[in-house]
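Undergrad: My questions are about this predicted structure, shown below with the sequence.
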Amino acid sequence: MAVQADAFRELRDALPRGVTLVAVSKTKPVADIRALYDLGQRDFGENYVQELVEKQSLLPPDIRWHFIGHLQSNKVRQIAPFVHLIHGVDSYSLLKEVHKQGVKTGRAIDCLIQIHIARESTKFGLDLDELDPWLHRYERERQALTHVRLRGLMGMATNGCDEIQIREEFSGLEAAFRRYTRLPGWDTLSMGMSVDYPVAVECGSTMVRIGSLLFGDR
């Protein structure tokens, strides 16, 4: 079994109350996900729509599936019937498409806004200075967006081992998150992965996305 059972139990017990553990299961076989499920894990994250759809059909219905990759608007309809949380909304047009598909499936879909906080240009997301006008528009139009719910923010820090820089990036995202706690249901700050989750938790993360610590290296 590839699943690191001892590491899972240690991590689960170490995370503070109120911090959700999302097991990043992209590229991992159904058997590994089932093994972690049998240990009590229920939140799993996937990066690719087709892979997520296939796995969802083969695994228990009480799994909470998180889509954590870059989502194209034309693929929202495939995950809209069951996805628990979309982490990577990075455009207003994508938010409106999620609402549209939520109407069709008869469910309100929870989302996070992805913010670009890293130095790498390859990562997706809004710049922090785009967030205020983006959310002001959302507040004006929220009554019409009945089938999408913004729950908070998601971000990925710069790859590397510079803890000072990583802490600065996470702290900036947390400060932006706090500015909008007045929004209904605004309660989720998704930041922190296997290499940097302790810093993320110290900076106020409420959700960490952990892959290699639980499933081994890819």
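TA: Alright, I've got the coordinates.
Undergrad: Quick check: Ile210 touching Asp196?
TA: No - under the criterion of C-beta atoms under 8 Å, Ile210 is not in contact with Asp196, lying 10.6 Å apart. To be clear about C-beta, it is placed using only N, CA and C from the backbone, and glycine gets the same treatment.
Undergrad: the more surrounded of those two?
TA: Counted by other C-beta atoms under 10 Å, Ile210 and Asp196 do not tie: Asp196 has more neighbours, with 24 against 21.
Undergrad: Could you measure from that one over to Ile117?
TA: Going from Asp196 to Ile117 by C-beta to C-beta, to the nearest Å gives 12 Å.
Undergrad: ok, now Glu51?
TA: In terms of C-beta to C-beta, Glu51 sits 26 Å off from Ile117.
Undergrad: Repeat that for Leu214.
TA: The value you get for Leu214 to Ile117, if C-beta to C-beta is used, is 24 Å.
Undergrad: swap in Gln101?
TA: Here Gln101 is placed at a distance of 28 Å from Ile117 (C-beta to C-beta).
Undergrad: any shared contact partners between Asp196 and Ile117?
TA: Common contact partners of Asp196 and Ile117 (C-beta atoms under 8 Å, 6 or more residues apart in numbering): Ala157, Phe170.
Undergrad: thinking again about what came up before, so Glu51 and Ile117 - more neighbours on which side?
TA: More neighbours surround Ile117 than the other of Glu51 and Ile117, with 24 against 15 (other C-beta under 10 Å).
Undergrad: from memory the more buried one sits against Glu169, does it?
TA: Yes - the pair Ile117 / Glu169 is scored as a contact, 4.3 Å apart, by C-beta under 8 Å.
Undergrad: got any residues that touch both of these two?
TA: Gly155, Ala157, Thr158.
Undergrad: At which residues are the helices of this protein located?
TA: Per DSSP state H, the chain carries helices over the ranges 5-14, 30-38, 49-58, 76-79, 92-105, 128-141, 163-178, 197-202, 212-215.
Undergrad: in the first one, what's buried?
TA: Using 16 or more other C-beta atoms under 10 Å as the test for burial, helix 5-14 gives Ala7, Phe8, Leu11.
Undergrad: ok, residues contacting it?
TA: Helix 5-14 is contacted by residues Leu21, Ala23, Ala35, Leu36, Leu39, Gly40, Gln41, Ile210, Leu213, Leu214 when judged by C-beta under 8 Å, 6+ apart.
Undergrad: got it, and the second one?
TA: Defining contact as C-beta under 8 Å, 6+ apart, one finds that helix 30-38 is touched by 1-3, 5, 8, 23, 25, 44, 55, 58-60, 63, 214-215.
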